[in-house]
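Asks: everything below, folded, please.
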Amino acid sequence: MRVTIITLALLGIVVSGYSWYLHESETTETFCDISATFSCSIVNKSVYSEFANVPVAAIGFFGYIFLLLLASQKQIPWRYLFAAGLLGVVFSLYLTWVEYAVLKAWCLFCLISQADIFTVALLAGMQYARRASRE
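Replies: Next up is the predicted model:
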């Protein structure tokens, strides 16, 4: 379980890091700009790509680093890993709603990150529940 969550956190760091790069770059088109519906540029350059003047991708980047640090501990604090993952899921669901309802465009990297954080939260929650039931 530990290795899986560490791998997912590393994937999240890469995906968020690349999204952050796209957000900060002058590039107006990327390889994931497939159509008007699937366009990382539309999402990454929108006013919704920042939260309190901080790029959303940067929040994800550091969030995944935090998850990596938690999962790398000798005694994993499953409760905190689950809580952090759940917080990420809630934030990701909000951003997905913005993509769907407001921007009407989907970012491939955002969708990968959403699946990633959901899986981390699910695995950490299962592990937390398993350990809590033993106590």
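Asks: what residue ranges in the protein score low on pLDDT?
Replies: Counting by pLDDT under 70, the low-confidence segments of the chain come to 135.
Asks: what sits closest to the most centrally placed residue in the chain if chain neighbours are left out?
Replies: With the centre of the chain defined as its mean C-alpha position, the nearest residue by CA atoms, centre = their mean is Ser113, 3.9 Å away. The shortest distance from Ser113 to any residue other than its chain neighbours is 5.1 Å, reached at Val15 (CB to CB, 6 or more residues apart in numbering). (Each C-beta comes from the backbone N, C-alpha and C, glycine too.)
Asks: wait, what's in contact with the one you found?
Replies: The neighbourhood of Val15, defined by CB atoms under 8 Å, 6 or more residues apart in numbering, consists of Gly60, Phe109, Ile112, Ser113, Asp116.
Asks: and it, what helix or strand is that in?
Replies: helix 2-24 (DSSP states H and E).
Asks: buried stuff in that helix?
Replies: If you call a residue buried by 16 or more other CB atoms under 10 Å, then helix 2-24 has these buried ones: 5-6, 8-13, 15-20, 22-23.
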